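Q: Sequence and computational prediction follow.
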Amino acid sequence: MKRFMYLLLFVLLTGAMNAQQAKYVFYFIGDGMGVNQVNATEMYQAEQEGRIGVKPLLFTQFPAVGVATTFSASNPVTDSSAGGTALATGSKTYNGAIGMDAQKNVVQSVAEKAKKAGRKVGVTTSVSIDHATPSAFYAHQTNRSMYYEIALDLPKAGFDFYAGGGFLKPTTSFDKKKAPSIFPIIEQAGYTIVKGVDEFKAKSAQADKMVLIQKDGANPSSLPYAIDRKSGDLTLAEITESAISFLTKGKDKGFFLMVEGGKVDWACHSNDAATAVEEVIDMDNAIKVAYEFYKKHPKETLIVVTADHETGGLGLGTGKYELRLKDLKYQKQSQDLLSTAITDLRKAKGRKVTWEDVKALLGEKMGFWKELSLTWEQEKMLRDEFQNSFVKNKVVFEETLYSKTEPLAACARKVMNQIAMVGWTSEGHTAGYVPVYAVGAGAQQFAGQYDNTEIPKRIAKVAGYK
């Protein structure tokens, strides 16, 4: 009888373990997406409905919720390469390293473990494929700026699917020498390179391995911001859908798919609240694609959502016990495109640009004076910058990590932050906690408080990677 009970217990435990093993893993990383970026987005959505509170994003409703620390081996404030490496490999490293530990030893990523375990693997992003976070999953380099060398690591990893904006340095090595184009090198390794979703659909059935990038003429550094998107632009949701389609064709071995929403970070480096909120919503739309897949395979699918760090030190409220996130809706494009529009106005009219011209542009793009009332001080800020930029012709561009901005556009962004009562402590990263959300097989492993290095370890355990 006792022997029978032991056997029954063994069977039950084995069944429970198998039921929890994730055959399909989605790993979403919102670059720069701290707790307040998520909170701001949900409150913004509620205010669009005329109420105070939150309108939840899909991923915040996942049953397992945690918070993770993000420090690197070299500093309490991580960069994206050390943060990405921690999330990819479970190892702390110095700021700047890609797929290597603090002693510059190669460390294996959870994606590489998935490939060795027989799963198909995809690495995708809304920025360039050779950028810090995606490259941490397939490359091993001592410096994140070694874009050409990182791209050469892509075919060596042998993953099945890559996607993103493009490549930053396809013909120039780290030492700034002319080098053979990475594109034929990648193709010779058995990859089909496609540009845009239509070409993906036309060629995916016959391709063994694939790299999906934007159409010719698009900026290879990233997809456009969601707030700036035009019809026909590649989107993160389309990338996610394409990845699922490609990774599930043929023999179904299961898959591991990393999807990075990379431009939350870029918007926060610019302290551009409206653009950041739209990027969080855009990533949620990509997660919805994965969630539809999860609903068809609930016992075999794990979705994990987190961030590599917080960017900007976003504060919600600036001391008046008020917040007006709803006013962000009147901003019609990113600070980057507003800057371009101001430059175009300068080129078109030269020194003949009038204050009325500027007011008309800011009214159209930011809602100033039309939907949004400005204080005397706010209008004076803009008027003074107009005098400097267009009358005195003293144009000093504001530079952040990913943008170089007309001073009048930067001033307009500061006015919008004042109106919305949003504050920023930095144009860089901070050491704040990042959120973690999970649903599906083994999701309970991601509840609680822990370090970011735990996340890939727990994914590997739940998915059965060695």
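A: Happy to help now that I have it.
Q: all contacts plus neighbour counts: C-alpha atoms, from now on.
A: Will do.
Q: In terms of residue numbering, what are the domains of the chain?
A: 22-314+434-463, 324-420 (automatic domain parsing).
Q: Out of the ones you listed, which one sits most buried?
A: Mean neighbour counts were compared across those using mean count of other C-alpha atoms under 10 Å; the top stretch is domain 22-314+434-463, at a mean of 21.
Q: average pLDDT for it?
A: In this model, domain 22-314+434-463 has a mean pLDDT of 97.
Q: Which neighbouring elements make contact with the helix or strand encompassing residue 187?
A: Residue 187 belongs to helix 182-188 when assigned by DSSP states H and E. In terms of contacts (3 or more C-alpha pairs under 8 Å, 6 or more residues apart in numbering; DSSP states H and E), helix 182-188 is packed against helix 147-157.
Q: strand partners of the helix or strand following the helix it packs on, parallel vs antiparallel please.
A: Of the helices and strands lying after helix 147-157 in sequence (DSSP H and E), the nearest is strand 161-163. Paired with strand 161-163 in the same sheet, following DSSP bridges, are strand 120-125 (parallel), strand 209-213 (parallel).
Q: Take the ones you listed and write them to JSON lines, including distance to residue 222.
A: Shown next, in JSON lines, are these (distance: least, C-alpha to C-alpha, whole Å):
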{"stretch": "strand 120-125", "distance to residue 222": "8"}
{"stretch": "strand 209-213", "distance to residue 222": "10"}
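Q: Which of these sits closest to residue 67?
A: Each of the strands paired with strand 161-163 was scored for nearness to residue 67 using C-alpha to C-alpha, and the closest is strand 120-125 (22.6 Å).
Q: Next, the residues that contact the very next helix or strand once past that closest one from outside, please.
A: Scanning forward in sequence from strand 120-125 by DSSP H and E, the next helix or strand is helix 132-135. Surrounding helix 132-135, the residues in contact under the criterion C-alpha atoms under 8 Å, 6 or more residues apart in numbering are 31, 80-81, 83-85, 98-99, 123-125, 129, 144, 150, 258, 260.
Q: any idea how far helix 132-135 is from the chain center?
A: 10 Å (C-alpha atoms, centre = their mean, to the nearest Å).
Q: returning to that earlier point: quick one: which of the strands paired with strand 161-163 is nearest residue 40?
A: That would be strand 120-125 among the strands paired with strand 161-163, by C-alpha to C-alpha, at 22.8 Å.
Q: any residues touching the helix holding residue 187, and which ones?
A: 148, 151-152, 154-155, 170-171, 193.
Q: between the residues you listed, which is nearest residue 298?
A: Among these, and counting by C-alpha to C-alpha, the member closest to residue 298 is residue 154, at 31.1 Å.
Q: who's in contact with the closest one?
A: With C-alpha under 8 Å, 6+ apart, residue 154 has these contacts: 138-139, 186.
Q: That one and residue 87, how far apart?
A: According to C-alpha to C-alpha, to the nearest Å, residue 154 and residue 87 sit 18 Å apart.
Q: got it, and residue 195?
A: Separation of residue 195 from residue 87 (C-alpha to C-alpha): 29 Å.
Q: Check residue 240 too.
A: On the measure of C-alpha to C-alpha, residue 240 and residue 87 end up 19 Å apart.
Q: What of residue 59?
A: Taken as C-alpha to C-alpha, the span from residue 59 to residue 87 is 18 Å.
Q: Residue 320 now?
A: Counting by C-alpha to C-alpha - residue 320 and residue 87 are separated by 38 Å.
Q: and which of the contacts of helix 132-135 is nearest residue 451?
A: residue 83 (11.0 Å).
Q: surely the closest one meets residue 309?
A: Yes - the criterion here is C-alpha atoms under 8 Å, and residue 83 meets it with residue 309 at 6.8 Å.
Q: Next, show the common contact partners of those two.
A: In contact with both residue 83 and residue 309: residue 70, using C-alpha under 8 Å, 6+ apart.
Q: contacting residues for residue 45?
A: By C-alpha under 8 Å, 6+ apart, the neighbours of residue 45 are 54-55, 326.
Q: Secondary structure element for it, which one?
A: Counting by DSSP H and E, residue 45 is found in helix 35-48.
Q: next one: that helix to chain centre, how far?
A: 17 Å.
Q: Can you show me the helices along the stretch 201-350 of the chain?
A: Here the stretch 201-350 of the chain has its helices, by DSSP state H, counting those that start in this stretch, at 236-247, 263-269, 273-296, 335-349.
Q: What lies in contact with the shortest one?
A: This points to helix 263-269. Contacts for helix 263-269 (C-alpha under 8 Å, 6+ apart): 30-33, 126-127, 225, 273, 275-277, 279-280, 310-312, 400-402, 426-429.
Q: CA-only coordinates of it in PDB, if you can.
A: Provided in PDB are the C-alpha atoms of helix 263-269 (Å, rounded to 0.1, in the frame of the first residue of the first chain):
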ATOM      1  CA  LYS A 263      11.700  53.600 -27.800                       C
ATOM      2  CA  VAL A 264      10.000  54.000 -24.400                       C
ATOM      3  CA  ASP A 265      13.600  54.700 -23.400                       C
ATOM      4  CA  TRP A 266      14.300  57.100 -26.200                       C
ATOM      5  CA  ALA A 267      11.200  59.200 -25.400                       C
ATOM      6  CA  CYS A 268      12.200  59.300 -21.700                       C
ATOM      7  CA  HIS A 269      15.700  60.400 -22.500                       C
END
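Q: And it, how far out from the chain middle?
A: The answer for helix 263-269 is 8 Å, by C-alpha atoms, centre = their mean.
Q: do the same with the first one
A: Taking the mean of its C-alpha atoms, helix 236-247 sits 16 Å from the chain's own mean (C-alpha atoms, centre = their mean).
Q: now it and strand 120-125, what's the angle there?
A: Helix 236-247 runs at 160 degrees relative to strand 120-125, counting by axes from the mean of the first three to the mean of the last three C-alpha atoms, to 10 degrees.
Q: tell me what helix 236-247 is packed against?
A: Counting by 3+ C-alpha pairs under 8 Å, 6+ apart, helix 236-247 packs on strand 120-125, strand 161-163, helix 197-203, strand 255-261, helix 273-296.
Q: 6 Å - rerun?
A: Where contact means 3 or more C-alpha pairs under 6 Å, 6 or more residues apart in numbering; DSSP states H and E, helix 236-247 is not packed against any helix or strand.
Q: Need the phi and psi values for the closest residue in space to residue 437 that isn't next to it in sequence.
A: Spatially, and ignoring its direct neighbours in sequence, residue 437 is nearest to residue 65 (4.7 Å; C-alpha to C-alpha, 6 or more residues apart in numbering). The phi and psi torsions at residue 65 (degrees, to the nearest 10) take the values phi -130, psi 130.
Q: hang on, isn't residue 65 packed against residue 434?
A: No - using C-alpha atoms under 6 Å as the test, residue 65 is too far from residue 434 to be in contact (10.9 Å).
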